[in-house]
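[1] Everything below, folded, please.
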Amino acid sequence: MKKNIKIILHLLLVIFLYSGCTLFKSGDVRVMLAGYPLLDEFTINTDKDKVCLDGEDIQCSTLLFKQGNEGFFLDGLTSISVKKLVIEANPEVEFKTPKMTQIFTGIIEIFFSGKSPVIHNILPRELYMASVLGAEMGDSFHDEALKAQAIAIRSYLRAREEMTSGMNDSGGIKNSPGTDMSFRGISFATQRMQAAVQATRGERLFLKDGKPALPLFHSTSGGVILRDEVFSSTIEKPVCDAVLKKDYDAQGSILSSESPNFRFSFFLSDKELCLIAERDGFEISSVKQLYFPETECVDYLYLQAADGEKIWLKGFDFLSRGQRLGFFREGSIQFRVEKEYGGFQIVGNGFGHLCGMSQYSAQALAQKGWTYMEILDFYYPEYTLRKTGDL
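    Down below sits the predicted model:
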């Protein structure tokens, strides 16, 4: 028995050392920084922070990484090779890229796979939720809209955790809005964001059968809320009943029409559109849209050449690829394509995938006196709101 205990203690010690001087605690969440900030070049200021390099504590004030280096430059001078780097924030870690500075707390873990770093931030779950709330909405939003969003964030996070048996692994939830939720560091976790999280503590959305709900949400609707099934629509098996509900007020106005992101328009050259379609050099003669029934939302684009060859491109892929390539930042699948000299003009309404709660529509409803419970019931009629013992 004593021998078994010694073996267990030894294994725990090995796990502790391998984890880079830290252990994942209950109540924490692991976030993979998968694109925000960009990982091709960054500097981490570590003046007061504990830095652990491959299990050994080191002293340094800055860590500089540039794409192509399998490691870091300590204080901008000494190059080091890294398998795993762990930074314990005291109390914050400043993360700088050429385009932005972000502040993180908790634990920063950096692994290297080839020449690309994989960065995780481990921090308290409630602080993470408040940070996401600030990045998704911010202090300009009404308290009731913030509460509705806080519950959607908690529900999404907890469902994702339960679906993967917890986030205490090498995966974790990602900070990319195209994959999971926006997370830009703790500077977004203002007092109002933390208050909204606390005011709705334990409140979550569930399916009617009691299973955890995975609620989607987006910035700005173009007047229609789509069903989640639109993501899986194909040419062979299209989704015919794509509309969950119209997003209008009692006077017939689109609820999110006051959003700064409501209308969008941008130009794409023939070459840029071919790059989005992943067919560089394809000679486009025309572009047509296949819409979801009774909507102006594009299920598929097809690019046609003069010889009749077609390239089919799903509307969501068009958006995500174009944004990833930096050709545009705004947009939704609610658009039309207009041929112009040298390329195409894309004109439309809305921002985001158009599924679930529209944040600017929720703001409009809150300003009309709606409570957060009424807002949630409006956008998630297939879910029920319950009080749980969760954070």
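
[2] mind giving me the domain split of this structure?
    When the chain is parsed with automatic domain parsing, its domains come out as 29-123, 126-216+356-387, 218-354.

[3] ranking those by burial, who's on top?
    Comparing the domains of the chain by mean neighbour count (mean count of other C-beta atoms under 10 Å), domain 126-216+356-387 comes out on top with a mean of 20. C-beta: built from backbone N, CA, C; applies to glycine.

[4] So for that one, first residue to last residue, what's the gap.
    16 Å (C-alpha to C-alpha, to the nearest Å).

[5] before we move on, the earlier item: any chance of CSV for the domains of the chain, columns mean pLDDT?
    What follows is these, written out as CSV (pLDDT from 0 to 100):
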stretch, mean pLDDT
domain 29-123, 80
domain 126-216+356-387, 92
domain 218-354, 96
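
[6] For this structure, which segments count as helices?
    2-18, 125-136, 143-163, 191-199, 270-276, 315-324, 359-367, 372-379 (DSSP state H).

[7] could you redo the ones you listed as TSV and give each row distance to Ser285?
    Shown next, in TSV, are the helices of the chain (distance: least, C-beta to C-beta, whole Å):
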stretch	distance to Ser285
helix 2-18	58
helix 125-136	41
helix 143-163	43
helix 191-199	50
helix 270-276	10
helix 315-324	18
helix 359-367	38
helix 372-379	41
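
[8] Looking at these, spot the one closest to Glu109.
    Among the helices of the chain, the nearest to Glu109 by C-beta to C-beta is helix 2-18 (11.6 Å).

[9] circling back: the helices of the chain: which one's closest to Gly308?
    When the helices of the chain are compared (using C-beta to C-beta), the closest one is helix 270-276, at 16.9 Å.

[10] what's that closest one in contact with?
    Identification of contacts with helix 270-276 by C-beta atoms under 8 Å, 6 or more residues apart in numbering yields 268, 280-284, 287, 303, 313, 318, 321-322, 325, 327, 342-344.

[11] cutoff 10 Å now
    For helix 270-276, contacts defined as C-beta atoms under 10 Å, 6 or more residues apart in numbering pick out 266, 268-269, 279-285, 287, 301, 303, 311, 313, 317-328, 337, 342-344, 346.

[12] Run the chain-centre distance for that helix.
    25 Å (C-alpha atoms, centre = their mean, to the nearest Å).

[13] Please give me every residue in contact with the residue nearest to Leu301 when sequence neighbours are not counted.
    Setting aside the residues directly before and after it, Leu301 is nearest to Leu313 in space (C-beta to C-beta, 6 or more residues apart in numbering), at 4.6 Å. With contact taken as C-beta under 10 Å, 6+ apart, Leu313 is in contact with Leu273, Ile276, Ala277, Glu278, Arg279, Val287, Val298, Tyr300, Leu301, Tyr302, Leu303, Arg321.

[14] Of those, just say which sits nearest to Arg154.
    Arg321 (30.8 Å).

[15] any idea how far the closest residue to that closest one other than its chain neighbours is from Val132?
    Of all residues not flanking Arg321 in the chain, Ile276 sits nearest, at 4.7 Å (C-beta to C-beta, 6+ apart). Applying C-beta to C-beta, to the nearest Å, the value for Ile276 to Val132 is 28 Å.

[16] didn't Phe72 look like it was pressed against Asp54?
    No - using C-beta atoms under 10 Å, Phe72 is not in contact with Asp54, being 12.0 Å away.

[17] residues contacting Ala242?
    224, 226-227, 229-230, 233, 291-295, 297, 299, 354-355.

[18] so how far is Glu330 from it?
    When Ala242 is compared with Glu330 (using C-beta to C-beta), they lie 22 Å apart.

[19] got it, and Lys83?
    Where Glu330 is concerned, Lys83 sits at a distance of 40 Å (C-beta to C-beta).

[20] Over to Asp299?
    Asp299 is 20 Å from Glu330, by C-beta to C-beta.

[21] And for Leu64?
    On the measure of C-beta to C-beta, Leu64 and Glu330 end up 33 Å apart.
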